[in-house]
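*Asks:* sequence below, structure please.
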Amino acid sequence: MTAVDLARTLPPIATGRALSQSIAVLDAVLSPDGYATYTFDRRWGPDQELASMSNGSGDEYSIAFTATGAFVRGFSHESTMSPYGDDDYRPWPGLVESVPAEFAEQVTEPAFSHEGHSGPFFTATVCLWRRHEDPCWQVGDIAFPAEEDPDGSAWLFDLLIDGTPEGYCAHASGNFEVSVDAADVRQVFEHRALTADLVRRINPDADLASLAEVLDTIGYPQAAASGGG
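*Replies:* Next up is the predicted model:
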């Protein structure tokens, strides 16, 4: 799989945004210590929201939702396409040359960059974009290495590609070593208001009141702290 395949399988902007919020909520419930793998910030910048993934091992993605549309950046640190494979930390040929002007600031965004010997550089092995009027996701003209998943597209974005409660349950089992009921996950995927009872069913060690701030940051509906499910 490559970014070209990812462009064909990623959900539309609105669907991806809602799914990103749901995944961030579930990760927050399962990570009361605040170190969630998936996060969402509806106030990331002026008229911008950000969905993020960071696995703590140097692999990450960012999806910036803007007034124009959405910009996707993924970074698989062991990928052959990593800018660390170039002495000058240049992006893989074709990765960003076709990025439209509306998303140019994302390519130079400090949050999407690492520091090199001559300054910051765009840290990405995957780059896609989609304006609201575009019929599909766009990707540059790239000659990919002859490898399986050469840019990390398949595994970096697996939850968004899968898009099912069962897919998140598998993530919870692998990352948190817990068993989560798909029916409870489905309620969050459907953006039903989070209740104290639902939170406890997902994670008995979490409580709705302590999640108020992160839920506000995500922009996810919540019931009163004393509510039932």
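
*Asks:* now the helix ranked longest in the chain: average pLDDT?
*Replies:* As assigned by DSSP state H, the longest helix anywhere in the chain is helix 13-30. The pLDDT scores in helix 13-30 average 97.

*Asks:* ok, residues contacting it?
*Replies:* 10-11, 36-40, 49, 51, 63, 65, 69-70, 130, 132, 159-160, 163, 168, 172, 175-176, 178, 180, 185, 188-189, 191, 194, 199, 202-203, 206, 211, 214-215, 218-220 (C-beta atoms under 8 Å, 6 or more residues apart in numbering). Where C-beta positions appear, they are placed from N, C-alpha and C, glycine not excepted.

*Asks:* what subset of those residues is buried?
*Replies:* Neighbour-count burial (16 or more other C-beta atoms under 10 Å) applied to those gives 10, 36-40, 49, 51, 63, 65, 69-70, 130, 159-160, 163, 168, 172, 180, 185, 188-189, 194, 199, 202-203, 206, 211, 214-215, 218, 220.

*Asks:* okay, and the residue nearest the centre of the chain sits in which element?
*Replies:* With distances taken as C-alpha atoms, centre = their mean, the residue of the chain nearest its centroid is residue 52 (4.0 Å). Assigned by DSSP states H and E, residue 52 belongs to strand 48-54.

*Asks:* so what does that strand touch, helix or strand wise?
*Replies:* helix 13-30, strand 38-45, strand 60-65 (3 or more C-beta pairs under 8 Å, 6 or more residues apart in numbering; DSSP states H and E).

*Asks:* try 6 Å
*Replies:* strand 38-45, strand 60-65 (3 or more C-beta pairs under 6 Å, 6 or more residues apart in numbering; DSSP states H and E).

*Asks:* which other helices and strands contact the helix or strand that the shortest one is followed by?
*Replies:* Going back to what we said before, that points to strand 60-65. Later in the chain than strand 60-65, the nearest helix or strand by DSSP H and E is strand 69-75. Contact here means 3+ C-beta pairs under 6 Å, 6+ apart; on that basis strand 69-75 packs against strand 60-65, strand 126-131.

*Asks:* re the thing from before, so the residue nearest to the centre of the chain makes contact with residue 62?
*Replies:* Yes - in this structure residue 52 lies within contact range of residue 62 using C-beta atoms under 6 Å: 5.3 Å.

*Asks:* ok so residue 154 is a helix residue?
*Replies:* Yes - assessed with DSSP: H, G, I helix; E, B strand; the rest coil, residue 154 lies in a helix.

*Asks:* need the contact list for it.
*Replies:* Counting by C-beta atoms under 6 Å, 6 or more residues apart in numbering, residue 154 makes contact with residue 1.

*Asks:* now with 10 Å, please.
*Replies:* Applying C-beta atoms under 10 Å, 6 or more residues apart in numbering, one finds that residue 154 lies in contact with 1, 2, 5, 6, 9, 76, 148, 161.
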